[in-house]
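**Q** sharing a sequence plus its predicted fold:
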Amino acid sequence: MSGALDRVAQALAGASEDEVGVALSAAGISVPRPSVPSAPLRTPLPGPEASLHIVSEVEWV
């Protein structure tokens with residue numbers, strides 16, 4: 001198996017990342033990477049008006 005991998009590595013050694021992606025996709029080896037989300041998905045915090053209905057008691061020991 002390492003011989004086959006060595007031949008692939010040698011064949012793609014001088015290629016750009018885009019060319020490697022195209023070659024591997026054409027061979028059915030590579031799956032396109034999912035795009036990175038621009039902003040992390042977060043649950044929005046409630047607005048200040050919602051805090052009027054929140055009652056919290058804390059006892060420090």
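**A** Cool, got the structure. Quantities reported herein were computed from a predicted structural model and do not represent experimental measurements.
**Q** show me the shaky parts of this protein.
**A** Within the chain, the segments meeting pLDDT under 70 span 1, 30-33, 37, 50-51.
**Q** need the residue closest to the centroid of it.
**A** residue 36 (4.8 Å; C-alpha atoms, centre = their mean).
**Q** element containing that residue, please.
**A** Counting by DSSP states H and E, no helix or strand carries residue 36.
**Q** off-centre distance for the helix or strand that contains residue 9?
**A** In the assignment (DSSP H and E), residue 9 maps to helix 2-11. Using C-alpha atoms, centre = their mean, to the nearest Å, the mean C-alpha position of helix 2-11 is found 27 Å from that of the whole chain.
**Q** tell me the helix or strand right after that helix.
**A** Next helix or strand after helix 2-11 toward the C-terminus (DSSP H and E): helix 17-26.
**Q** just the angle for that next one relative to helix 2-11, thanks.
**A** Between helix 17-26 and helix 2-11, the angle formed by their directions is 140 degrees, by axes from the mean of the first three to the mean of the last three C-alpha atoms, to 10 degrees.
**Q** and helix 17-26, how far from the chain's centre?
**A** Helix 17-26 has its C-alpha centroid displaced from the chain centroid by 19 Å (C-alpha atoms, centre = their mean).
**Q** distance of residue 28 relative to residue 46?
**A** Separation of residue 28 from residue 46 (C-beta to C-beta, to the nearest Å): 49 Å. Placement of C-beta: from N, CA and C, glycine included.
**Q** which one of the two has more residues nearby?
**A** The neighbour comparison of residue 28 against residue 46 (other C-beta atoms under 10 Å) goes to residue 46, with 10 against 7.
**Q** state the distance from the more buried one to residue 27.
**A** Using C-beta to C-beta, which is the criterion applied here, residue 46 is 51 Å from residue 27.
**Q** on that earlier part again, next up, the contacts around the residue nearest to the centre of the chain.
**A** With contact set as C-beta atoms under 8 Å, 6 or more residues apart in numbering, residue 36 has no partners.
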